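# sequence unknown, structure follows:
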């Protein structure tokens, strides 16, 4: 991972966030349980699928992430 690939966007609103952390306006207990909606690397909308067992989120450029 290079410096240009470092996380830089909030996963909940897509706004710039230092170090890829939650944007201060989005950081609350409710959003902690939500799946990501935006890619932390490029701020593109993610394709999110929620199931009873968890969620998967896919960026067209950076691949898939799953709940853990």
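Thanks, I have the structure now. Treat the numbers as computed from the prediction; the structure is a model and nothing was measured.

# what distance do you get for the closest residue to residue 9 other than its chain neighbours to residue 62?
Once flanking residues are discounted, residue 9 sits nearest to residue 43: 4.2 Å by C-beta to C-beta, 6 or more residues apart in numbering. Every C-beta, even on glycine, is put in place using the N, C-alpha and C of the backbone. Separation of residue 43 from residue 62 (C-beta to C-beta, to the nearest Å) stands at 11 Å.

# before we move on, which element is residue 48 in?
Per DSSP states H and E, residue 48 falls inside strand 47-51.

# elements contacting the helix or strand following that strand?
For strand 47-51, the succeeding helix or strand toward the C-terminus, using DSSP H and E, is strand 54-59. Under the contact definition 3 or more C-beta pairs under 8 Å, 6 or more residues apart in numbering; DSSP states H and E, strand 54-59 sits against strand 47-51, strand 63-66.

# quick one: contacts of the shortest one?
By that I understand strand 63-66. 36, 54, 55, 56, 57, 58, 59 (C-beta atoms under 8 Å, 6 or more residues apart in numbering).

# redo these as CSV? Include pLDDT and distance to residue 29.
Below are those laid out as CSV (pLDDT from 0 to 100; distance: C-beta to C-beta, whole Å):
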residue, pLDDT, distance to residue 29
36, 91, 16
54, 92, 19
55, 93, 18
56, 96, 23
57, 96, 20
58, 96, 26
59, 95, 26
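
# so which of these comes closest to residue 68?
Comparing these against residue 68 with C-beta to C-beta places residue 54 closest, at 7.2 Å.

# coming back round to it: for the strand holding residue 48, packing partners?
Applying 3+ C-beta pairs under 8 Å, 6+ apart, one finds that strand 47-51 contacts strand 54-59.

# how far off centre is the strand it packs on?
9 Å (C-alpha atoms, centre = their mean, to the nearest Å).

# can you list the buried residues in that strand?
Neighbour-count burial for strand 54-59, counted by 16 or more other C-beta atoms under 10 Å, picks out 55, 57, 59.
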